[in-house]
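**Q** here you go, sequence then predicted model.
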Amino acid sequence: MADSAWVPRLATSVAATTDTPRHAALVRVTHWITALCFLALLVSGVEIVISHPRFYWGETGNVLTPSLFDLPIPSSRDTVQTGYGYVLPDQNGWSRYLHFQAAWVAVLTGFLYVVSGALTGHFRKDLMPSGTGLAMSPAVTSAIPTVVTVFGGQQSARTIHFFVSVFLVLFLLGHIGMVCLAGFRSRMRAMITGRVYAPQDHS
């Protein structure tokens, strides 16, 4: 009798664990859209940096002014002296277009996530965007000059933007590492299907 009572309880416990929603559909969709946007921003951002791997502080900066620091990489523009005897292919056109498009998709996705989280109670933290990317957009800075001045100038915003990007890449590597340590397959399943699987599935 004890055994027969124990088996249904175990089955119920496993079923409950298997059917427990871990992530809502909106959380999963915004997570993967953000992941794709981050990849697009990273690839296009690297190409943008390659076109001018020098960073400045203040409002202006160009090849005729002293830089704050230079990245030790070749450039895709022959006007930027980097010490290398060759110039990489210039892909600055599509990379800038992709960078701004992906940035706006990421902003709108984040806005949707924050609003939904605030309304449902899932997300209770107050997010304030850093704004460094917006400070480099001519359309935004002409309409809202404060976005630039708050960072000390457009070149200052670009320099800060670079370091924030490096931090985000480090965060991404840490995030992936934690997912692997916690069980890559089970965590990926949960983020794709929204369900937590049986406790014996640690893969």
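**A** Sure thing, it's come through.
**Q** centroid residue for this structure?
**A** Phe38 (4.0 Å; CA atoms, centre = their mean).
**Q** got the residue ranges for the strands in the chain?
**A** 54-55, 69-70 (DSSP state E).
**Q** right, and the ones you listed - which one's nearest Gly110?
**A** strand 54-55 (26.2 Å; CB to CB). All C-beta atoms are positioned from the backbone trio N, CA, C, and that covers glycine.
**Q** now do that closest one: which elements does it pack against?
**A** strand 69-70, helix 154-193 (3 or more CB pairs under 8 Å, 6 or more residues apart in numbering; DSSP states H and E).
**Q** most packed of the strands of the chain?
**A** Compared across the strands of the chain, strand 54-55 shows the largest average neighbour count, a mean of 20 (mean count of other CB atoms under 10 Å).
**Q** OK, contacts around Phe70?
**A** Phe isn't right for residue 70; it's Asp. Counting by CB atoms under 8 Å, 6 or more residues apart in numbering, Asp70 touches 53-55, 82.
**Q** just flag the most distant two among those.
**A** Across those (CB to CB), the longest gap, 13.0 Å, separates Phe55 and Thr82.
**Q** that older thread, which stretch in the helices and strands packed on strand 54-55 has the least confidence?
**A** Lowest mean pLDDT within the helices and strands packed on strand 54-55: helix 154-193, a mean of 88.
**Q** who are the packing partners of that one?
**A** helix 25-51, strand 54-55.
**Q** poorly predicted segments of this structure, please.
**A** Residue ranges of the chain with pLDDT under 70: 1-22, 121-130, 132-143, 147-148, 196-203.
**Q** phi, psi of the nearest residue to Gly153 once chain neighbours are set aside?
**A** Computed as CB to CB, 6 or more residues apart in numbering, the closest residue to Gly153 that is not its neighbour in sequence is Glu59, at 3.5 Å. The phi and psi values for Glu59, taken as degrees, to the nearest 10, are phi -90, psi -40.
**Q** which ones are touching Glu59?
**A** 148, 153-156.
**Q** again, but for Thr159
**A** Per CB under 8 Å, 6+ apart, neighbours of Thr159: 55-57, 68.
**Q** now for those residues, which pair is the farthest apart?
**A** Among the contacts of Thr159, Phe55 and Trp57 lie farthest apart (CB to CB), at 7.9 Å.
**Q** any idea which of the contacts of Glu59 is closest to Gly177?
**A** Using CB to CB, the contacts of Glu59 come closest to Gly177 at Ser156, 32.0 Å.
**Q** correct me if wrong: that closest one contacts Gly61.
**A** No. The criterion here is CB atoms under 8 Å, and Ser156 misses it with Gly61 at 9.3 Å.
**Q** list just the one of the helices and strands packed on helix 154-193 that sits closest to Arg195.
**A** Of the helices and strands packed on helix 154-193, nearest to Arg195 by CB to CB is helix 25-51, at 10.6 Å.
**Q** between helix 154-193 and the closest one, find me the angle.
**A** Put simply, helix 25-51 runs at 140 degrees to helix 154-193, going by axes from the mean of the first three to the mean of the last three CA atoms, to 10 degrees.
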